[in-house]
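Asker: Predicted model and sequence below, questions to follow.
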Amino acid sequence: MYVLGIETSCDETGIAIYHKQRGLLSNQLYSQIEVHAPYGGVVPELASRDHVRKLGVLYRLALEEARIGASDLDVVAYTEGPGLVGPLLVGASFAKALAFALGRPALGIHHLEAHLLASFLEKGGPDFPFLALLVSGGHTLLAKVEQLGRYELLGQSLDDAAGEAFDKAAKLLGLSYPGGPALARLASSGRREAYAFARPLLHRKDYNFSFSGLKTQFLYAVEKLGGEAQLSFADKADLAASVEAAIVDVLCRKTQMAIQQTGLSTLVVAGGVAANERLRSALAFMSAGEGCRVVYPALQFCTDNAAMVAIAGALRFGVLKQHDTTWSIRPRPRWPLTQA
Ligand code: KG4
Ligand code: ZN
């Protein structure tokens, strides 16, 4: 069974081909970062236009790399939501038109479900049930994954996502968008205890997060030093290390609470921020103490990509026998994970 995966929920255009026995045969990815960098964030209209420009090209490259013809495809899986409505419309239109022309089913996939299932691209994959920590630029959540298609949301960010918190702090240090990875590099030369940034919502017994207050605290700390232009490398490194420590601490301790309360023995960490080294070592240390195994998708499948959409499609189509029941194109920019 050959599954085509299409990802266009934000600023990454992806086309992948996955085969149940042969594995991942192609994973084409085009990042629009350079298009949006001058604006300090994703410009939805520019993102949509770029997806239109790139999808057809990547589709042909994917077929070439997989050495198959279009008629070999069995199902076309695409990101139906959540995400930016324009980019989602482009992907859904491409997917449905292609599926219709090939006489194959289309299958809309929940972007966050795709992130949670990305670790099944690795040999074996995690066993159900597992606890999932999803930390990306758009989302931060803890979910109990009972089995394929059954997700219980334990908590989520009430405002900014963890990646957004990294990116906003990075912007205040003059780093270009998305600054999360650059901030993490700076942080490795700084002192984590230099600034006592708050650990929001840690006192609460629920699993919700809040990161928007950190940005304000960070801004005040920068201003107190005379503004970004006055900061030395050491100042920047200390600020970066301290804010990273606050974000990592909150993520790690809420995850620990969830492990203790659910009694789950596997933790799957996904999303762009899963690439963060400090988060990885904090989670490894904490999980070892809790007797919990931590599973990550390969780094290239942590950030947005189409391979995760293809594997989610393969599982939904192959195991749950699901596909779209209508040819109408209706992306779902807001779509709770629990309804996936
Ligand atoms: O999953 P992703 O590619 O996109 C969304 O679906 O949002 O995640 C991108 C986010 C960005 O905010 C980026 O700054 C952050 O992940 N990120 C990191 C690191 N690598 C990526 N944040 C902190 N440390 C990193 N090493
Ligand atoms: Zn994502």
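Answerer: Thanks, I have the structure now. Numbering: from 1, shown residues only. Ligands and ions are numbered 1, 2, ... in the order given.
Asker: Ile247 versus the residue of the stretch 101-250 of the chain found nearest ligand 1, what's the distance?
Answerer: Closest residue of the stretch 101-250 of the chain to ligand 1, Cβ to the nearest ligand atom: Gly180 (2.2 Å). C-beta: built from backbone N, CA, C; applies to glycine. Plainly put, Gly180 is 10 Å away from Ile247 if you go by Cβ to Cβ, to the nearest Å.
Asker: Show me the strands paired with whichever helix or strand Glu80 is part of, marking each as parallel or antiparallel.
Answerer: Element membership for Glu80 (DSSP states H and E) is strand 75-81. Using DSSP bridges, strand 75-81 pairs in its sheet with strand 2-7 (parallel), strand 106-110 (parallel).
Asker: Distance from it to the middle of the chain?
Answerer: 16 Å (Cα atoms, centre = their mean, to the nearest Å).
Asker: any bit of it sitting next to ligand 1?
Answerer: No. Under the criterion of Cβ under 6 Å from any ligand atom, ligand 1 is not reached by strand 75-81; the shortest gap measures 10.2 Å.
Asker: so, in contact with ligand 2 or not, that strand?
Answerer: No. Using Cβ under 5 Å from the ion, we find that strand 75-81 stays clear of ligand 2, coming within 8.9 Å at best.
Asker: Can you give me the pLDDT of the residue lying closest to Val52 once chain neighbours are set aside?
Answerer: Nearest residue to Val52, sequence neighbours excluded (Cβ to Cβ, 6 or more residues apart in numbering): Val90, at 5.5 Å. At Val90, the pLDDT value in this model is 98.
Asker: before we move on, what about Glu122?
Answerer: Residue-level pLDDT assigned to Glu122 equals 89.
Asker: looking at it, it is touching Gln300, isn't it?
Answerer: No. Glu122 is not in contact with Gln300 according to Cβ atoms under 8 Å; the separation is 11.4 Å.
Asker: Overlap of the contact sets of those two?
Answerer: Common neighbours of Glu122 and Gln300, using Cβ atoms under 8 Å, 6 or more residues apart in numbering, do not exist here.
Asker: Out of the helices and strands in the protein, which is least certain?
Answerer: helix 33-36 (a mean of 91; mean pLDDT, DSSP states H and E).
Asker: neighbouring contacts of that helix?
Answerer: By Cβ under 8 Å, 6+ apart, helix 33-36 touches Asp11, Val42, Val43, Leu46, Ala47, Asp50, Tyr177, Pro178.
Asker: any idea what sits nearest the residue nearest in space to the middle of the chain, other than its immediate chain neighbours?
Answerer: Most central in the chain under Cα atoms, centre = their mean is Gly271, positioned 3.0 Å from the mean C-alpha point. Excluding the flanking residues, the one nearest Gly271 by Cβ to Cβ, 6+ apart is Ser136, at 3.3 Å.
Asker: Compute the number of surrounding residues for that neighbour.
Answerer: Neighbour count for Ser136, taken as other Cβ atoms under 10 Å: 24.
Asker: For it, which residues are in contact?
Answerer: His115, Ala161, Ala162, Gly163, Ala270, Gly271, Gly272, Val273, Thr303, Asp304.
Asker: just to revisit the earlier point, isn't the residue of the stretch 101-250 of the chain closest to ligand 1 right up against Lys168?
Answerer: No. Taking Cβ under 8 Å as the definition, Gly180 is not a contact partner of Lys168, at 9.8 Å.
Asker: Just the buried residues of the helix or strand containing the residue nearest to Val52, please?
Answerer: For Val90, the element it lies in under DSSP H and E is helix 85-102. Using 16 or more other Cβ atoms under 10 Å as the test for burial, helix 85-102 gives 85-96, 98-99, 102.
Asker: List the contacts of it.
Answerer: 4, 6-11, 44-45, 47-48, 51-52, 55-56, 59, 70-71, 73, 75-81, 105-106, 108, 324, 327, 329-333.
Asker: Ends of stretch 169-188, what's the gap?
Answerer: End-to-end distance for stretch 169-188, by Cα to Cα, to the nearest Å: 15 Å.
Asker: Overlap of the contact sets of Gly180 and Ile247?
Answerer: Contacts common to Gly180 and Ile247, judged by Cβ under 8 Å, 6+ apart, are Phe166.
Asker: ok, of the contacts of Ser136, which one's closest to Ala314?
Answerer: Sorting the contacts of Ser136 by how near they are to Ala314, with Cβ to Cβ, puts His115 at the top with 15.4 Å.
Asker: The helix or strand hosting the closest one: what's the following helix or strand?
Answerer: Here His115, judged by DSSP H and E, is contained in helix 111-117. Downstream of helix 111-117, the first helix or strand assigned by DSSP H and E is strand 130-135.
Asker: about what we covered before: three-state assignment of the nearest residue to the residue of the stretch 101-250 of the chain closest to ligand 1 once chain neighbours are set aside?
Answerer: In space, and not counting its chain neighbours, Gly180 is closest to Phe166: 3.7 Å by Cβ to Cβ, 6+ apart. Following DSSP: H, G, I helix; E, B strand; the rest coil, Phe166 is assigned to helix.
Asker: Next, the buried residues of stretch 227-243.
Answerer: Glu228, Leu231, Asp235, Lys236, Ala237, Asp238, Leu239, Ala240, Ala241, Ser242, Val243.
Asker: Quick check: the gap between the third one and ligand 2.
Answerer: Computed as Cβ to the ion, to the nearest Å, the Asp235 to ligand 2 distance reads 32 Å.
Asker: All set now, cheers.
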